[in-house]
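J.: need coordinates for the below:
(2 chains)
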Amino acid sequence: MTQPDDRKQAVLPSPLQTLLLGDLDRNSPKNHLPSLHSLALQVQHNLQYMHSWTDLRIHTHSPITNQPLPRPLLSGLPPLRLYVHPDEQIELLKQADRQRIANKEAGGGSNALVIKPDPEYEWILPTRLSEKWTLRRLADVFGAISMVPPEGDSAMVNNHGQANRWRSTKRIVMATADTDSTIVYYIIHDGVVKPRPN
Amino acid sequence: MAPVAEPFPISHITGRYLLFDIDAISHARREHNICGVLVGTIPNLSQQNVFLGVPLELMPEEARVLIEQGHAYLVDEAEAHQTGFAQMKREDRLAYLQTLDQQGLERAKVIQERKEERSEKVLREKGLVPMKQESSCVAPSETSESTSTPSLGIGISNKESTAELSLFGRPSDPPKPVALPETKLEAQFITPTTSYPPLAPRSVNSSLPLPKVAQNYPLFRYLHSMRYFSMPGLRFGCHYSVYPGDPLRFHSHFLATGIGWDEEFDLLDIVGGGRLGTGVKKAYLIGGEDSDKATQNASGDAPNEESVRAFSIEWAGL
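T.: Below you'll find the model as predicted:
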């Protein structure tokens, strides 16, 4: 029972698997474990194709100290603003309300409050659910990242001429991957930051 | 609310930290953002646990914060009572017993008066005149018409009333004064509800060790230094629910859990806490003291808040 060579494999490797294998072949990471590197790739893949993020990049070195990061981090741009600080939300609502009144006086225009803050670059920390973490390691991660990812800095300046003044504490999106490849995302702020009034 | 002199005493009884003085309780809440939990109930109605009163039980963290900042001091009540009463002077003791007797007598008098009022009322309803002990009997000629006749006539048929008339003679007969059984006034036994007085106010320099606290204390101290109010967080599965102002006026902002700097935690706890917090419009907060920085700053006796790091966690909504 020999099989012809050109026969299709019973189970094709998933696109994610091909991506991971291909990447590891191309550039074997020097500073981090391959498992951490492929985790970053997995999260990048999920963000790109499931949540439509763009401009995703893997960072192996800290933009502040240029030392190797505790693990590879990602940065990227979500399609919509991911986080609005409660105080910023109040200001945006006031702006939108003024806009609505102006529209009404001009005649026509919808009567709805339109709040569309521009998306901002975010840091992403890839983790696995099976891992144990400590406050020290979390603090190390925060110590190594900048307020806004490096490429975000220039983009912000280009768009508005100034960074968002409400972004005053560091934040990182913790991506936690389970073994069934489910990934959940939680925002971690550095410090005591009041919650959003959802 | 009477002004409270600082430092005020915190009673340490069987491992609990209690405030018995209502002024101290409101002072701690108003000035120092310390809420505690009211635990007092009525001794003979102890099932009633919805409306609780003094004493106020403080978490060890709350007691420690107050003591560390010099607003309060700790008193071992068992010891204070034993020595306090043992060293009491004989005259003081007698004077105190006398005041207790006096109070008991007053109480007995009030009870006696109430009793008399009641029986007088009952007798009046029956159409009888109670015999007053101090005042002389009311003149029979005056009361005869006004009190006896109407009450006798009510609801009684003619036949019966004639029968009664024959029995009692003339209807205008004055009612006979009824003598109440006379009782000798005996002092009630009073169980005193306070120990201060009779005991003298406790001295500040009876120094007890600071309350023992778990490793979540640095986070509590840190949040307290930022003027947050903390309440026990059991109902949200955390150590403290943290309020931006008085819990009677604000919803809580954070579900805080204090952990050690190198204590390992599961990411599932972060996910669960973050998810629960976001579901109830709060943020999950973890924090602890950087042990390296804490030892660096250990030279200064005041605890340093810069060594504490906290992280707020919210669901990203992805």
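
J.: flag the shaky bits of chain A, pLDDT-wise.
T.: A:1-5, A:24-29, A:108-110, A:152-163, A:198 (pLDDT under 70).

J.: list the helices and strands the longest strand along it packs on?
T.: Longest strand in chain A, counting residues (DSSP state E): strand A:68-77. With contacts taken as 3 or more CB pairs under 8 Å, 6 or more residues apart in numbering or on different chains; DSSP states H and E, strand A:68-77 sits against helix A:34-50, strand A:54-61, strand A:122-128, helix A:135-144, helix A:150-160. The way it works is simple: take the backbone N, C-alpha and C, and place the C-beta from them, glycine included.

J.: just give me how far that strand sits from the chain centre.
T.: Averaging C-alpha positions (CA atoms, centre = their mean, to the nearest Å) puts strand A:68-77 10 Å from its chain's average.

J.: excluding its backbone neighbours, what's nearest whatever residue of the stretch 101-250 of chain B ends up closest to chain A?
T.: Across the stretch 101-250 of chain B, the shortest distance to chain A (CB to the nearest CB) belongs to residue B:226, at 6.5 Å. Among residues not flanking residue B:226 along the chain, residue A:192 sits closest, at 6.5 Å (CB to CB, 6 or more residues apart in numbering or on different chains).

J.: what is the neighbour count of that neighbour?
T.: 21 (other CB atoms under 10 Å in any protein chain shown).

J.: who's in contact with it?
T.: B:223, B:226, B:228, B:254, B:285, B:310, B:312 (CB atoms under 8 Å, 6 or more residues apart in numbering or on different chains).

J.: sec struct for the closest residue in space to residue B:112 that isn't next to it in sequence, please.
T.: In space, and not counting its chain neighbours, residue B:112 is closest to residue B:185: 6.1 Å by CB to CB, 6+ apart. Following DSSP: H, G, I helix; E, B strand; the rest coil, the label given to residue B:185 is coil.

J.: now the one 3 residues further on
T.: Recorded secondary structure, residue B:188: coil (three-state DSSP).

J.: chain A contacts on the stretch 151-300 of chain B?
T.: B:223, B:226, B:228, B:244, B:253-254, B:259-268, B:270-271, B:274, B:277-278, B:281-283, B:285-288, B:290 (CB under 8 Å from any CB of the partner chain).

J.: can you flag which of those belong to helices?
T.: Using DSSP state H, the subset of those located in helices is B:223, B:267-268, B:270-271, B:274, B:277-278.

J.: format those residues as a markdown table; extra columns: pLDDT and neighbour count.
T.: Formatted as a markdown table, those follow (pLDDT from 0 to 100; neighbours: other CB atoms under 10 Å in any protein chain shown):
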| residue | pLDDT | neighbour count |
| --- | --- | --- |
| B:223 | 94 | 25 |
| B:267 | 94 | 20 |
| B:268 | 94 | 12 |
| B:270 | 93 | 22 |
| B:271 | 94 | 20 |
| B:274 | 93 | 26 |
| B:277 | 92 | 27 |
| B:278 | 91 | 21 |
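
J.: residues touching residue B:212, list them.
T.: residue B:60.

J.: poorly predicted segments of the stretch 201-318 of chain B, please.
T.: In the stretch 201-318 of chain B, residues with pLDDT under 70: B:205-207, B:297-304.

J.: ditto for the stretch 51-200 of chain B
T.: B:130-184.

J.: which residue ranges form the helices in it?
T.: Here the stretch 51-200 of chain B has its helices, by DSSP state H, counting those that start in this stretch, at B:60-68, B:77-86, B:90-125, B:140-143, B:149-153, B:158-168.

J.: excluding residues flanking it in the chain, which one is nearest residue B:316?
T.: Per CB to CB, 6+ apart, closest to residue B:316 is residue A:185, 3.8 Å.

J.: which secondary structure state does that neighbour sit in?
T.: Per three-state DSSP, residue A:185 ends up strand.

J.: hey, what's it bridged with?
T.: With DSSP bridges as the criterion, residue A:185 is bridged to residue A:175.

J.: look up how far residue A:137 lies from it.
T.: 19 Å (CB to CB, to the nearest Å).

J.: of these two, give the one with the bigger neighbour count.
T.: residue A:185 (23 against 15).

J.: these two touch, right, the more buried one and residue A:174?
T.: Yes: if you go by CB atoms under 8 Å, residue A:185 and residue A:174 touch, sitting 7.0 Å apart.

J.: coming back round to it: for the residue nearest to residue B:112, give me its contacts.
T.: So residue B:185 contacts B:105, B:108-109, B:112 (CB under 8 Å, 6+ apart).

J.: how near is the closest residue in space to residue B:21 that isn't next to it in sequence to residue B:32?
T.: Spatial nearest neighbour of residue B:21, excluding adjacent residues (CB to CB, 6+ apart): residue B:8 at 7.1 Å. Distance, residue B:8 to residue B:32, using CB to CB: 10 Å.

J.: can you list the domain ranges for the chain.
T.: In the absence of a named chain, this looks at chain A. As given by automatic domain parsing, the domain ranges for chain A are A:35-81+A:119-198, A:83-118.

J.: wait, chain B
T.: B:1-88+B:203-211, B:91-168, B:214-318.

J.: to residue A:79, which of the ones you listed lies closest?
T.: Proximity to residue A:79, assessed across the domains of chain B by CB to CB, is greatest for domain B:214-318 (10.6 Å).

J.: which of the residues of the stretch 151-300 of chain B next to chain A are buried, as a ChimeraX select command?
T.: Burial among those is assessed by 16 or more other CB atoms under 10 Å in any protein chain shown; the matching ChimeraX selection reads:
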select /B:223,228,244,253,254,259,260,261,265,267,270,271,274,277,278,282,283,285,286,287,288,290
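
J.: and the residue of the stretch 101-250 of chain B closest to chain A, how far is that from residue B:308?
T.: Taken as CB to CB, the span from residue B:226 to residue B:308 is 10 Å.

J.: next one: residue B:234
T.: Distance from residue B:234 to residue B:308, by CB to CB: 23 Å.

J.: tell me which of the two has more neighbours.
T.: Using other CB under 10 Å as the criterion, residue B:234 and residue B:308 rank with residue B:308 on top: 23 against 10.

J.: got the phi/psi numbers for that one?
T.: Main-chain torsions, residue B:308, degrees, to the nearest 10: phi -90, psi 130.
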